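Peer 1: show me the folded form of this:
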Amino acid sequence: MTVRWMLPVVFAAAAVAIAQTNDPPAPPPAKPAAEAKPAPRETPPDQKAFFEANKITDPEKKIEAIKKWKADFPNSEMQEGADSTILHTLTTKLPEQTARIRSFAVNYYRGAKPKNKASAATGIADEFLTANILLKDADTFARKAVDSMKLGPYMAEQTAAYEKRKQKPPSSEELKKRFDQSRASRLAILGRIEVKLGRAAAGQKMLEQSYSVNPDNGAVDSVLGELAAKRGDDAKAFEYLVQARLSGKSTKTANTAFEAIYRKQHNGLLDGLDAMLDEQYHKRYPNPVHVEAYKPSEKRTTRVVLAEVFTGAGCPPCVSADLAYEGAMERYNTKELIVAMYHQHIPQPDPMTNLDTRARLDAFKVGGVPTWFIDGTRGGGGGPRDTSPETFGRINPAIEKELEIAPEAQIKMDAALAGNSVKVNATVDEVKSEAKQLKVFAVLMEKELRYTGENGIRFHPMVVRAVAEGAIDTAFEHTFDLEEISKSAHDHLDDYEAKGHRGEPFQFTEKKYEINRGNLAVAVFVQDTESHHVLQAAFVDLSGHGPRPTTEAGAR
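Peer 2: Prediction:
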């Protein structure tokens, strides 16, 4: 999809990353009824006011509102973030006003704190490059950012910052790695600017340096691939362009060059392209989470744990969480753990999102992704691919703990796929809860979808397609109409595209609304809709057609 997302505010560094909506952070969910409820978390006034100003769609009114915000909150840590938002508004909404943009950028850079000047210069250069304006100015700012990177001072500053927080600094090797990655991201911008200014040789050299440190930058891969194609080096071009395609950030011109080379190698056809990319993805990006099959302890009960995961294909920190839960699904069978993935348009549009997954986001008051609930207990935060084992290490103890807690209800369910319908029947008994807001939920999931979003994940498991709910005091029955679900998803994606993403126009590269009838599963669970605590869950795999045998949760 052709859309660029930019975090509109600067937040303090955190141990784990989360991509946020434009809404104020939501208060944490209530604890199960037996526990005391914490006081709601209040949004600081400066954040609340900024979010409101940022919602304005008219560019001039938005800029004026943010300037007023800057005057009202002169001591806010978000001041420089506000300047970056004004610059982004100018370059995307008023790109023809180059004199005004240049003047604002210069003042923005001059006003940045010394420790933030390099980041400001990087942001300005990136904005100009993306808008394809003021490229000579962009070159100047990008060079300031690259030239400011000195290994000795960087390591000293980082070590001092850790010691000030009374934390053990990372090793010299780790700090050097972080330095190289930061410099590579700045070289990526400068190199692309050089190419646009007609200095291809110099730009290529910088981009190759960036690529040697981070081969997953789709913008860098795209430009290097196109340069190689122009030189007639199809082999080298193909290597770069495959990487660009798998990153989810390949440019349109890079995609055209890639398909042209592929056609040249395959008699003018694109047959087998997806299979080739699948093979390359598995080869280049194995899951770094390595697990062993779960061995039940003596305390194991008949509880089936439910993990509800809010994620997005355009969410960089969601990579760590998604791969961690993928590892969990390898460790546990579906009589031990059920995972339901609710895709969201955060921070980029996600074509696996639908009205039901958005409704669940609202019901859980989730303000950012990745966020998850293990039997209703909230967790969240993620990071890049190499942090997936760390994220798994945070979720796995919670899963194992739940497996040793007795279920508070029993579920008997069956589900059948017939033509365009999935019929679900369930009964709930032996309820051991005084909660007043208990409901039965049925979730229809597609067990795997192929789609490469901006975060580079190509295969997405347990994608929620529809959600139904009912009372627990009657037999639960629901029929999922697959044609209706598909049409609703299509309509939602069309509508979302027409309205734009946070006021920005975009176009989906794919709309994942078609349902694969041979790839479905259903989960049924009992949940307190106030605390989100899950009493018990059950699962039926609908792979293959025809009725499935009745499944009793916890049966072994």
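
Peer 1: surely residue 359 meets residue 466?
Peer 2: No - at 10.6 Å, residue 359 does not count as touching residue 466 under the criterion of Cβ atoms under 8 Å. C-beta: built from backbone N, CA, C; applies to glycine.

Peer 1: count of neighbours near residue 257?
Peer 2: Using other Cβ atoms under 10 Å, residue 257 has 25 other residues around it.

Peer 1: which residues touch residue 204?
Peer 2: 191, 195, 224, 227 (Cβ atoms under 8 Å, 6 or more residues apart in numbering).

Peer 1: now name the helix or strand holding the nearest residue to the last one once chain neighbours are set aside.
Peer 2: Across the structure, with Cβ to Cβ, 6 or more residues apart in numbering as the measure, the residue nearest residue 227 apart from its sequence neighbours is residue 204 (5.6 Å). Of the helices and strands defined by DSSP states H and E, residue 204 is found in helix 200-213.

Peer 1: same check, this time on residue 339
Peer 2: Following DSSP H and E, one finds residue 339 within strand 337-343.

Peer 1: tell me which residues are up against that strand.
Peer 2: 304-313, 322, 325, 328-329, 331, 350, 352-354, 357, 360-361, 399, 443, 445, 460-464, 523, 525, 537, 539.

Peer 1: cool, stretch 136-149 as well?
Peer 2: Stretch 136-149 is contacted from outside by 102, 105, 109, 117-119, 121-122, 124-125, 128-129, 179, 182-183, 186-187, 189-190, 193-194, 197, using Cβ under 8 Å, 6+ apart.

Peer 1: quick check: mean pLDDT of the strand holding residue 339?
Peer 2: Mean pLDDT, computed over strand 337-343, is 98.

Peer 1: mean confidence for the helix or strand following it?
Peer 2: Where DSSP H and E defines the elements, the next helix or strand beyond strand 337-343 is helix 355-363. For helix 355-363, mean pLDDT rounds to 98.

Peer 1: begin at 54, not 1, for the rest of this chat.
Peer 2: Let's use 54 as the start, then, which means that last one is helix 408-416.

Peer 1: which strands or helices does helix 408-416 pack on?
Peer 2: Counting contacts by 3 or more Cβ pairs under 8 Å, 6 or more residues apart in numbering; DSSP states H and E, helix 408-416 is packed against strand 358-364, strand 390-396, strand 512-523.

Peer 1: redo those as a markdown table? Include distance to residue 418 and mean neighbour count.
Peer 2: Formatted as a markdown table, those follow (distance: least, Cβ to Cβ, whole Å; neighbours: other Cβ atoms under 10 Å):
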| stretch | distance to residue 418 | mean neighbour count |
| --- | --- | --- |
| strand 358-364 | 11 | 26 |
| strand 390-396 | 13 | 26 |
| strand 512-523 | 17 | 20 |
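
Peer 1: right, and those strands - which one's nearest residue 458?
Peer 2: Across the helices and strands packed on helix 408-416, residue 458 has its closest neighbour in strand 358-364 (9.1 Å, Cβ to Cβ).

Peer 1: just give me the neighbour total for residue 406.
Peer 2: By other Cβ under 10 Å, the residues close to residue 406 number 24.

Peer 1: what's the answer for the one 10 residues further on, then?
Peer 2: If you count neighbours by other Cβ under 10 Å, residue 416 ends up with 12.

Peer 1: about what we covered before: the inter-axis angle of the strand holding residue 392 versus strand 512-523?
Peer 2: 90 degrees (axes from the mean of the first three to the mean of the last three Cα atoms, to 10 degrees).

Peer 1: quick one: distance of strand 390-396 to the chain centre.
Peer 2: A distance of 15 Å separates the centroid of the chain from that of strand 390-396, by Cα atoms, centre = their mean, to the nearest Å.

Peer 1: same question, stretch 191-201
Peer 2: On the basis of Cα atoms, centre = their mean, stretch 191-201 sits 29 Å off its chain's mean C-alpha point.

Peer 1: buried residues, that stretch. List them.
Peer 2: 191, 192, 193, 194, 195, 196, 197, 198, 199, 201 (16 or more other Cβ atoms under 10 Å).

Peer 1: wait, a strand at the fourth one?
Peer 2: The one in question is residue 194. No - judged by DSSP: H, G, I helix; E, B strand; the rest coil, residue 194 forms no part of a strand; its state is helix.

Peer 1: tell me how far it lies from residue 187.
Peer 2: Computed as Cβ to Cβ, to the nearest Å, the residue 194 to residue 187 distance reads 9 Å.

Peer 1: tell me, what's touching the two both at once?
Peer 2: Shared contacts of residue 194 and residue 187, defined by Cβ under 8 Å, 6+ apart, comprise 158, 181.

Peer 1: adding pLDDT, secondary structure and neighbour count, write the contacts of residue 257 out as JSON lines.
Peer 2: Shown next, in JSON lines, are those (pLDDT from 0 to 100; DSSP: H, G, I helix; E, B strand; the rest coil; neighbours: other Cβ atoms under 10 Å):
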{"residue": "244", "pLDDT": "98", "secondary structure": "helix", "neighbour count": "29"}
{"residue": "248", "pLDDT": "98", "secondary structure": "helix", "neighbour count": "20"}
{"residue": "277", "pLDDT": "98", "secondary structure": "helix", "neighbour count": "29"}
{"residue": "280", "pLDDT": "98", "secondary structure": "helix", "neighbour count": "21"}
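
Peer 1: biggest separation within the residues you listed, which pair?
Peer 2: Greatest spacing in these, by Cβ to Cβ: 244 and 280 (10.4 Å).
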